[in-house]
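In: sequence and predicted structure are below.
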Amino acid sequence: MFMFLFLVVALAVVVAAVTLAVVGGGDHAVLPEAEGERLQDPLPAHRPVNRADVEALRFPVAVRGYRMVDVDDVLGRLSAEIAERDARIADLESALAGARAATTTSLHKPEEGEPR
């Protein structure tokens, strides 16, 4: 009998709390629309991206993970910079190979009987 009375009182308290929460909203019965989180510190636009920029990057969490727009923007920027660096490295390596070939050719002096 004691358990039954305890459950009835507990149920009445829960119903009263829910009723007060729903009805007793006061002036702000409807919650204002919350602004969605945005990427706070995007990759710097005024200089190349470095390792510290990528390590410090944090995406805001959305309903089902991360906002695809933010992730796509960052991945696009990173892929463009990596492609640019790869092209620059290839240019420098070809210039270095040409310089080495020119140095090797100029250091090799033909002997008197050897054709030039």
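Out: Great, that's in hand.

In: surely residue 59 meets residue 67?
Out: Yes: under the criterion of C-beta atoms under 8 Å, residue 59 makes contact with residue 67 at 7.0 Å. (C-beta placed from N, C-alpha, C; glycine too.)

In: which residue of those two possesses the greater neighbour count?
Out: residue 67 (18 against 14; other C-beta atoms under 10 Å).

In: any common contacting residues for residue 59 and residue 67?
Out: The overlap between the contact sets of residue 59 and residue 67 (C-beta atoms under 8 Å, 6 or more residues apart in numbering) consists of residue 39.

In: just give me the neighbour total for residue 74.
Out: The local packing of residue 74 (other C-beta under 10 Å) involves 19 other residues.

In: buried sites along the helix ranked longest in the chain?
Out: Criterion DSSP state H: the longest helix present in the chain is helix 68-107. For helix 68-107, the neighbour count (16 or more other C-beta atoms under 10 Å) marks 70, 74 as buried.

In: again, but for stretch 11-25
Out: Result for stretch 11-25 [16+ other C-beta under 10 Å]: no buried residues.

In: just give me how far it sits from the chain centre.
Out: Chain-centre distance of stretch 11-25: 43 Å, with C-alpha atoms, centre = their mean, to the nearest Å.

In: with stretch 74-85 instead?
Out: Its chain's C-alpha centre and that of stretch 74-85 lie 13 Å apart, by C-alpha atoms, centre = their mean.

In: then stretch 9-29?
Out: Centroid separation for stretch 9-29 versus its chain: 42 Å, with C-alpha atoms, centre = their mean.

In: equivalent analysis for stretch 92-109, please.
Out: Worked out by C-alpha atoms, centre = their mean, stretch 92-109 lies 42 Å from the chain centre.

In: again, but for stretch 49-58
Out: 8 Å.

In: show me what it is in contact with.
Out: 40, 41, 43, 44, 74, 77, 78, 81.
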